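Colleague: Could you work out the structure for the sequence below:
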Amino acid sequence: MTHSLLLDELAAFAADAKAGASASRKQLALHVADAAIALMAGMRGTDGRLAATLMHRFDTSPLAHTARLATVMRLSEIDDIHRPSAVTASAIAVPCALAMRAHADNASAARFADAIFVGQELALRLALAMGGAGLLARGLWPTYLVAPFGAAATTARLLGLNAARTAQALALALAQTPRAPGRTPHTPCPGRWPLFGQAVRAGCFAALAAADGIDGDPALLNDAWLANIAGGDADPTPLRELDAASPLLAQVSIKPHCSAKQTLGAVYGLREVLARGIDAASIDTIEIEVPGAYAGMIARETPAASRLASIVSAPGQLALAALQPASLDDVSRDALDWSGPLGAFAAKVSVRADPALDALYPRQWPARVTVIAAARREQILVTDSPGDPALPFDTEAVIDKATRVVGARRGLALVQTAISACEDASALHTLGPLFDLPEG
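Modeller: Here you go, the predicted model:
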């Protein structure tokens, strides 16, 4: 099979595949609800408001609205993630579907759901073909790389493009694949978030251009192109295994808290140890052992360095879990004070790589947590944490997350509306305006 024919198959999937049987559609609806929580949380946070206002000042088009929604959702760091690819696909597909739906003649609820489904699936599969989570070790951001492709698939399906025009949309999106965004500065609004939003916008533009008759180069998807990004890890096999009946969506994890996914195993492990009767005040030291792929990442920055650093730092996240658990759900992180007890607790935490855990990664992102409290030693190995496919969230768990993150009344209504929006037109009409960003 030539790669141009492979792109044709991907386009046919994007144009025709459906979210599947009732069980798959219910699972998709839960992830749409989770995405709505992340969007709402991102919009309410200081960084999200700043980024949205800056972007709105220069452009108020539907494409710009897509970019703003993608920016504020992804910076929330509370959206879902697929561990093998390290891609947060909902942050690509859901903002597109919400912002571009009106431009697509108010597409039906079923098409809205199917557009999100195909956009997520193609984004995840392209990332796996590029090297998946292994890209992180090369300083690349998998979600950023595949954002145009996933956004093009979502928008093309929302517009109702046939397979031939969808192939052109995907080809145009591939031509706009970004590269590494560079290191994230410790500033109130790091550039990585708006850059991600612009990558999503590029994919939406590709679909709109294809709808107007503009063509790309389907032959761009070839071994050399993949290898240029992924090196020796490139493998087109995941792109050839499309199956709407067995989607990668089933492997996507929902985050229970605002956290880098790499730290959540340790957070869950500490909570389990504390539940055994250990008082946080009695803890002398905590050692976290994780795969080498992310040991440095979760220990590199002091949690006081920035909002993002507090989310990525394992010592910081464990300090919050032990002393201020409600702050794990605070997307803004404006009120944290690391000069007192939080900082002292974080200083008790050390992180090291354990080669024995490397074999589990990236299908699982494990953590072994060892707690020393006076003469007592407790240890736990976590391979899956709440929200992972092995410990899946149901509707009640998603409602609980919404309650913690955006408030009880608003959270319940948001989840119910988002779940219904995948099947009911009136709910979809209600959902979209919730994320209209303020003027100015």
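Colleague: Please count neighbours and contacts with C-alpha atoms only from this point.
Modeller: Fine.
Colleague: name the helices or strands packed onto the helix or strand of the chain with the lowest mean pLDDT?
Modeller: None of the helices or strands of the chain scores lower by mean pLDDT, DSSP states H and E than helix 46-58, at a mean of 72. If contacts are counted by 3 or more C-alpha pairs under 8 Å, 6 or more residues apart in numbering; DSSP states H and E, helix 46-58 sits against helix 22-44, helix 62-75.
Colleague: Need the CA coordinates for stretch 419-428. PDB is fine.
Modeller: Provided in PDB are the C-alpha atoms of stretch 419-428 (Å, rounded to 0.1, in the frame of the first residue of the first chain):
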ATOM      1  CA  ILE A 419     -23.100  14.200  27.900                       C
ATOM      2  CA  SER A 420     -26.500  15.000  26.400                       C
ATOM      3  CA  ALA A 421     -24.900  17.200  23.700                       C
ATOM      4  CA  CYS A 422     -23.600  14.000  21.900                       C
ATOM      5  CA  GLU A 423     -27.200  12.900  21.200                       C
ATOM      6  CA  ASP A 424     -29.500  15.900  21.800                       C
ATOM      7  CA  ALA A 425     -29.600  19.000  19.600                       C
ATOM      8  CA  SER A 426     -31.000  21.300  22.300                       C
ATOM      9  CA  ALA A 427     -28.300  20.300  24.800                       C
ATOM     10  CA  LEU A 428     -25.700  21.000  22.100                       C
END
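Colleague: Now do stretch 172-184: distance to the chain's middle.
Modeller: In terms of C-alpha atoms, centre = their mean, to the nearest Å, the gap separating the centre of stretch 172-184 from the centre of its chain is 17 Å.
Colleague: can you check stretch 241-257 too?
Modeller: With C-alpha atoms, centre = their mean, you get 12 Å for stretch 241-257.
Colleague: For that stretch, list every residue counted as buried.
Modeller: 242, 244, 247, 248, 249, 251, 252, 253, 254, 255, 256, 257 (16 or more other C-alpha atoms under 10 Å).
Colleague: again with stretch 391-407
Modeller: 392-393, 395, 397-406.
Colleague: And for stretch 413-423?
Modeller: So for stretch 413-423, counting by 16+ other C-alpha under 10 Å, buried means 414, 415, 416, 417, 418, 419, 420, 421, 422, 423.
Colleague: Which pLDDT does the model give the second one?
Modeller: It refers to residue 415. Per-residue confidence (pLDDT) for residue 415: 97.
Colleague: what's the answer for the last one, then?
Modeller: What the model reports for residue 423 is a pLDDT of 93.
Colleague: tell me the contacts of it?
Modeller: If you count contacts by C-alpha atoms under 8 Å, 6 or more residues apart in numbering, residue 423 has them with 109, 110, 113.
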